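1. The sequence and its predicted three-dimensional model are supplied below.
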Amino acid sequence: MNTIETERLYLRQWRASDFAPFAEMNANPEVMEYFPKLLTTSMSNAIAKKCQSLINDNGWGFWAVNLKETDTFIGMVGLNNANADMPFSPAVEIAWRLDNDYWGQGYATEAARASLDFAFVELEIEEVVAFTAVINKRSQLVMERLGMTNTQKGFFHPMLDPNHRLAEHVLYKITRQQRQDTVLT
Ligand SMILES: CC(C)(COP(=O)(O)OP(=O)(O)OC[C@H]1O[C@@H](n2cnc3c(N)ncnc32)[C@H](O)[C@@H]1OP(=O)(O)O)[C@@H](O)C(=O)NCCC(=O)NCCS
């Protein structure tokens, strides 16, 4: 697996030392405000392991994000084959989750731009989607900074009760051409 390098970050394979800070993030109510529940350490470790094995098998996935300057793990950003139950599947999704100590510095957008470029250049995918709860405005701002378009095809998450506060989702998309146009402008 090749590490992806950006100006300030590495997107890389997960290390054993990432598991504890990742579990801390996943138990942090601020980071998890728009997820149905906080994760236990074992649930968090299972996700990190799954990311590790998908990157191992495929060469891409939800990468561990590392700050170059301090060699610190700050969260995960990357690509994934969306769950087959999703109304827009099959699709490759892009997603992000950073430790809140590292919000407000452009790191999620920087890592996501590199992930999109990997999807379009290395994987030669035509389109990448992103989705989040309607009330998760911070995540939608990342989508908009990336030049993604709101498809207006909102949906109710199939795993949540329709009355759940997080059930209603937005769906954003970006094509390879739109990404190229964003880079050139
Ligand atoms: C969603 C999430 C990744 C967004 O993180 P973020 O730090 O707000 O997003 P960005 O990386 O795009 O940073 C943008 C901010 O950095 C600021 N910034 C500071 N220095 C910057 C720089 N050098 N370059 C770019 N932006 C910079 C921008 O002005 C902007 O600030 P603002 O929030 O005050 O407007 C983060 O809130 C998160 O991990 N949330 C929890 C998980 C989650 O909800 N994930 C989505 C579920 S689908």
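-> That came through fine. Here the structure is a predicted model, which means the values were calculated and not measured.

2. and the chain, which of its residues are near the ligand?
-> Applying C-beta under 6 Å from any ligand atom, we find that the chain lies next to the ligand at 31, 34, 95-98, 103-109, 132, 136, 138-139, 142, 145. Any C-beta I mention is one placed from the backbone N, CA and C, and that applies to glycine too.

3. which helix is the longest one in the chain?
-> helix 41-58 (DSSP state H).

4. if we can go back for a sec, just the buried ones among the residues of the chain next to the ligand, please.
-> For the residues of the chain next to the ligand, a burial check counting by 16 or more other C-beta atoms under 10 Å picks out 31, 95-98, 107-109, 132, 136, 139, 142.

5. rewinding a little: can you flag which of the residues of the chain next to the ligand belong to strands?
-> The strands, defined by DSSP state E, take in 95-98, 132 from the residues of the chain next to the ligand.

6. May I see the buried ones among the residues of the chain next to the ligand arranged in CSV, with pLDDT as well?
-> What follows is these, written out as CSV (pLDDT from 0 to 100):
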residue, pLDDT
Val31, 98
Ala95, 98
Trp96, 98
Arg97, 98
Leu98, 98
Tyr107, 98
Ala108, 98
Thr109, 98
Thr132, 98
Asn136, 98
Ser139, 98
Val142, 98
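
7. Just list the residues touching Thr6, thanks.
-> 110-111, 113-114 (C-beta atoms under 8 Å, 6 or more residues apart in numbering).
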